[in-house]
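*Asks:* just to be clear, the model below is a prediction. Sequence and coordinates:
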Amino acid sequence: MQNWPLASTKTALAAIISIAILLFFNNSTAQSDSVPKAHHTPTGFKNNYTQQVSRSFGDFIRWQWESWSLDKTAISPTPSIQADLAVLNAPTAPTVTWIGHATALVQANGLNVLIDPIFSERASPVQIFGPKRAQAPGVAMADLPNIDAVLISHNHYDHLDRASVALLDEKAKAAGKTTLFMVPLGLKAWFNSIGIDSVVELDWWEHHALKGVEFHLTPVQHWSARSINDRSATLWGGWAVLGADFHWYYAGDTGYSRDFADTAKHFAPRQTEALGGGFDLALIPVGAYEPRWFMTQQHVNPMESVRIHQDVGAKRSIGVHWGTFQLTDEPLDQPPRDLAVARQAFGVKDVDFGVLAIGESRQFVKRTPATALAAR
């Protein structure tokens, strides 16, 4: 074991304190009603294929102790480029821009949709300590185009950031517009409590239509909590978005399960070859996966990310949830290297599943039903 300087010890202790705050800081009081659905319980929700994602406090301490001896230094910083604001303000095709961590802007089907926005310096209930950004957001809040909808996958602090959603709501109102926040069951009350009223909450397999585009909440394997007394009290999920021009999927935060094969089966009647095929794009987490003994139920590694890509039948996938916050044991730049190994193992082409630089935009072709192609 290497000798650790005092600064490293302080950093590790700060990490323990910050995670403890994530568990003890009471910032959510929403509870779900008990209804006769398999994933509902009297106190909240459970997963489809493993009831709870749980580790004991002893497991957590073991992880933190073992983590101290690891070198998490990245070989190189996460790639970052200047965002092309001209493209963001007038996209000519379905466009995805990676802002950092799990935050991405998807511009398709005539809508600007932001997923799991976090623009704060730290993924924490307080901004004096906690996991700190390694890179600034790829697009500043002020430079975002009007956001039609925000999709939230679950209520962990690195996916649901209070300051960010509040500022997005204020920004829309100041422009005389409305941003609709779509959230899993149980979170609407939390949004209302901070003054955000334009909220739709959904259960798994429910959907909401906005300007002709369908937003479906889909099951994934994870958990939720913003305090010590609300574990799994609100739902978590992925999102499937179906519009005339583009079908896309966001897996949220998840361990690997049969939920992804279920998702493909659920949407198969809408995604036959004659109707344009499967998801044109999937946004899949590829980071925050080590050590496997602690993370495997709740965070996929790149091998499992490629399996998700195949399970949901995505034509193209982009890896997110990496390179921004040091949440787990792998260095911030490790996920793309492990993804390259996983692609080779599964015979997936580089072009079919890759990553973006922070701030980078990528454009995709609009989906075209096979019948329309035949008619040309």
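*Replies:* Nice, I can see it. Everything numeric in this text was worked out from a predicted model, so none of it was measured. Residues are numbered from 1 along each chain as shown.

*Asks:* what count of nearby residues applies to the nearest residue to residue 186 once chain neighbours are set aside?
*Replies:* Distance criterion Cβ to Cβ, 6 or more residues apart in numbering; nearest residue to residue 186, sequence neighbours excluded, is residue 234 at 3.3 Å. C-beta: built from backbone N, CA, C; applies to glycine. When counting by other Cβ atoms under 10 Å, one arrives at 29 neighbours for residue 234.

*Asks:* now do residue 234 against residue 198, distance only.
*Replies:* 18 Å (Cβ to Cβ, to the nearest Å).

*Asks:* any idea how far residue 73 is from the residue nearest the centre of the chain?
*Replies:* Relative to the mean C-alpha position of the chain, the nearest C-alpha, by Cα atoms, centre = their mean, is the one of residue 252, at 3.6 Å. Here residue 252 is placed at a distance of 29 Å from residue 73 (Cβ to Cβ).

*Asks:* sketch out the strands for the stretch 1-150 of the chain, chain order is fine.
*Replies:* Shown for the stretch 1-150 of the chain, the strands assigned by DSSP state E, counting those that start in this stretch span residues 40-41, 44-45, 95-100, 103-108, 111-115, 149-151.

*Asks:* the last one pairs with which strands, parallel or anti?
*Replies:* Spelled out, that is strand 149-151. The pairing partners recorded for strand 149-151 under DSSP bridges are strand 111-115 (parallel), strand 180-184 (parallel).

*Asks:* show the average pLDDT along the first one.
*Replies:* If I follow you right, that is strand 111-115. Strand 111-115 shows an average pLDDT of 98 in the prediction.

*Asks:* which residues touch it?
*Replies:* With Cβ atoms under 8 Å, 6 or more residues apart in numbering as the test, strand 111-115 has contacts from 102-107, 144-151, 153, 168, 210-211, 213, 239, 241, 243, 250, 283.

*Asks:* try 6 Å this time
*Replies:* 104-106, 145, 147-151, 213, 250 (Cβ atoms under 6 Å, 6 or more residues apart in numbering).

*Asks:* also stretch 330-347?
*Replies:* By Cβ under 6 Å, 6+ apart, the residues outside stretch 330-347 that reach it are 72, 74-76, 78, 134, 286-287, 290, 302-303, 306, 319, 322-323, 353, 355.

*Asks:* what is residue 114 paired to in the beta sheet?
*Replies:* Per DSSP bridges, the residues bridged to residue 114 are residue 105, residue 150.

*Asks:* and it, how far from residue 78?
*Replies:* From residue 114 to residue 78 the distance is 20 Å (Cβ to Cβ).

*Asks:* which one of these two has more residues nearby?
*Replies:* residue 114 (26 against 18).

*Asks:* thought residue 187 was touching the residue nearest to residue 186, still the case?
*Replies:* Yes: the pair formed by residue 234 and residue 187 meets the contact definition of Cβ atoms under 6 Å, at 5.1 Å.

*Asks:* show me where pLDDT drops low in the protein?
*Replies:* Along the chain, the parts satisfying pLDDT under 70 run over 1-36, 51-52, 370-376.

*Asks:* let's go with 50 and repeat that
*Replies:* Scanning the chain with the threshold set as pLDDT under 50 gives 1-35, 371-376.

*Asks:* so which residues of it form helices?
*Replies:* Listed in chain order, the helices of the chain (DSSP state H) span 6-24, 57-68, 85-89, 162-174, 188-193, 259-267, 292-295, 302-311, 334-346, 370-375.
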